[in-house]
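Chemist: below is the sequence, then the predicted model.
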There are 2 protein chains.
Amino acid sequence: MKLSQRGEYAIQALLVLGMYHGPEVIRIKEIANQQNIPRRFLEQILNDLKSGGFVESRRGVSGGYRLERRPEEITLSEIVRHIEGPLESSDLAKESKKKLHLHSDEAAKYIINGVMHEVQTAIVGVLEAVTLFDLCEKVRKIQGQMDDQSDYII
Amino acid sequence: MKLSQRGEYAIQALLVLGMYHGPEVIRIKEIANQQNIPRRFLEQILNDLKSGGFVESRRGVSGGYRLERRPEEITLSEIVRHIEGPLESSDLAKESKKKLHLHSDEAAKYIINGVMHEVQTAIVGVLEAVTLFDLCEKVRKIQGQMDDQSDYII
DNA sequence: TAAAATCTCGACCAATTTAGTCAAGTATTG
DNA sequence: CAATACTTGACTAAATTGGTCGAGATTTTA
């Protein structure tokens, strides 16, 4: 399981919005600069996140984006699912079982599918347990460490 | 994590070789027919599996393939790793940590990477625990069930 | 020894996906 | 109304995926 660039950017953007979460809105340009994401590409991604109900936007001169839900209510699995497509591939499993007679290639596929289903369950298990809030906390923590050593750049 | 077609075919082929494992060799054509895999494509895949040390081949008129190792010694994680590329993406983790001063986009990436690393660990955990032999047993089992009901095709 | 069967090697190809870019438009503020 | 920002949809280049193909090398068997 590798995250696409798009997926990584999406999480980075949400992470910024999570860090500064409040009633205020943040401009696309700021996110792009801070996270070093191509601006035009980020527009696309934020738009997608908007239609997915993760962020809301305000137009016009003092426009920007903010989270639509609180960071602690957004799990990584939701984000990844929305941006990379379904984590769980449609169960060939029950399909095949019902037919009850499998050609030998179907038998093999059925078995392989079963294992891959376990894999998916494991993936979701991890991603389900992590919220945007958790990620923000971790960032704050390592930024705190950097403070201590007055050896950071931002 | 979705398996590529190539990956699924590879496992199917190994599964066939595992089912009939012995000193004898099986022709590419038989595997292709039985598993409904494009023959030319399968050639490529088996070649790849050969260079990966999973199978060995015999040329000539009664040539074919057989497993190079015993089914119980081949884990799914090895197969997938070889055919789909590394499961574990090179650790940006330690890299970044050493630098000790992260730009804020690097901090975000670092954190995200950490979670993805957990995901990878979970994936490997599942795949590591399943051997080719296990898969063969499962196939035998559902084929046994089909026998019981004399309602199968092969 | 020649024919037939089978693996081997590398090039090639079309369709899809990924990672962006761009232009023109709409909305909001001052 | 001018400036600033989001919105929408089309467009593109490069990489990946899922194959195909031709020519060659090896081995068996008649």
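Modeler: Noted; the coordinates are in hand.
Chemist: may I ask which helix or strand of chain A has the lowest mean pLDDT?
Modeler: One helix or strand of chain A scores below all others by mean pLDDT, DSSP states H and E: helix A:92-99, with a mean of 52.
Chemist: after that helix comes which helix or strand?
Modeler: Per DSSP states H and E, helix A:92-99 leads on to helix A:104-128 as the next helix or strand towards the C-terminus.
Chemist: so where's chain A shaky on pLDDT?
Modeler: A:90-102, A:146-154 (pLDDT under 70).
Chemist: mind redoing it with 50?
Modeler: By pLDDT under 50, the weakly predicted segments of chain A are A:150-154.
Chemist: residues of it that sit close to DNA strand C?
Modeler: A:4-6, A:38-41, A:43-44, A:58-63 (CB under 7 Å from any atom of the strand). For every residue, glycine as well, the C-beta is placed using N, CA and C.
Chemist: which strand or helix spans the residue of chain A found nearest DNA strand C?
Modeler: When scored by CB to the nearest atom of the strand, chain A has residue A:60 as its residue closest to DNA strand C, at 2.0 Å. Counting by DSSP H and E, no helix or strand carries residue A:60.
Chemist: can you give me the neighbour number for it?
Modeler: By other CB atoms under 10 Å in any protein chain shown, the residues close to residue A:60 number 6.
Chemist: and for residue A:47?
Modeler: Residue A:47 - counted by other CB under 10 Å - has 14 other residues nearby.
Chemist: give me phi/psi at it?
Modeler: phi -60, psi -40 (degrees, to the nearest 10).
Chemist: go on, the one 5 residues further on?
Modeler: Comment: the main-chain dihedrals of residue A:52 come out as phi -90, psi 0, following degrees, to the nearest 10.
Chemist: tell me which parts of chain A are close to DNA strand D?
Modeler: Checking chain A against DNA strand D by CB under 7 Å from any atom of the strand, the hits are A:27-29, A:43-44, A:46-47, A:50, A:57-65.
Chemist: strands - which of those residues land there?
Modeler: Using DSSP state E, A:57-58, A:64-65 are the members of the residues of chain A next to DNA strand D that sit in strands.
Chemist: pull out the buried members of those residues.
Modeler: Those of these that meet the buried threshold are A:64-65, by 16 or more other CB atoms under 10 Å in any protein chain shown.
Chemist: so residue A:28 sits right up against residue A:42, yeah?
Modeler: Yes: the criterion here is CB atoms under 8 Å, and residue A:28 meets it with residue A:42 at 6.0 Å.
Chemist: re earlier: how near is the residue of chain A closest to DNA strand C to chain B?
Modeler: 27 Å (CB to the nearest CB, to the nearest Å).
Chemist: can you check residue A:74 too?
Modeler: Counting by CB to the nearest CB, the gap from residue A:74 to chain B is 14 Å.
Chemist: give me the neighbour count for the residue lying closest to that residue once chain neighbours are set aside.
Modeler: Spatial nearest neighbour of residue A:74, chain neighbours left out: residue A:132 (4.3 Å); criterion: CB to CB, 6 or more residues apart in numbering or on different chains. Using other CB under 10 Å, residue A:132 has 26 neighbouring residues.
Chemist: so who does residue A:132 touch?
Modeler: A:14-15, A:18, A:67, A:71-72, A:74-76, A:79 (CB atoms under 8 Å, 6 or more residues apart in numbering or on different chains).
Chemist: any of these buried? List them.
Modeler: For the contacts of residue A:132, buried by 16+ other CB under 10 Å: A:14-15, A:18, A:67, A:71, A:74-76, A:79.
Chemist: with respect to residue B:88, which of these is nearest?
Modeler: Among the buried ones among the contacts of residue A:132, residue A:76 lies closest to residue B:88 (CB to CB), at 18.7 Å.
Chemist: could I get the contacting residues of that closest one?
Modeler: With CB under 8 Å, 6+ apart, residue A:76 has these contacts: A:11, A:127-128, A:130-132, A:135, B:115.
Chemist: go ahead and confirm residue A:15 touches residue B:108.
Modeler: Yes: using CB under 8 Å, residue A:15 is in contact with residue B:108, at 5.0 Å.
Chemist: shared neighbours, those two?
Modeler: Joint contacts of residue A:15 and residue B:108 (CB under 8 Å, 6+ apart) are residue A:139.
Chemist: next one: residue A:109 from residue B:70, what distance?
Modeler: 24 Å (CB to CB, to the nearest Å).
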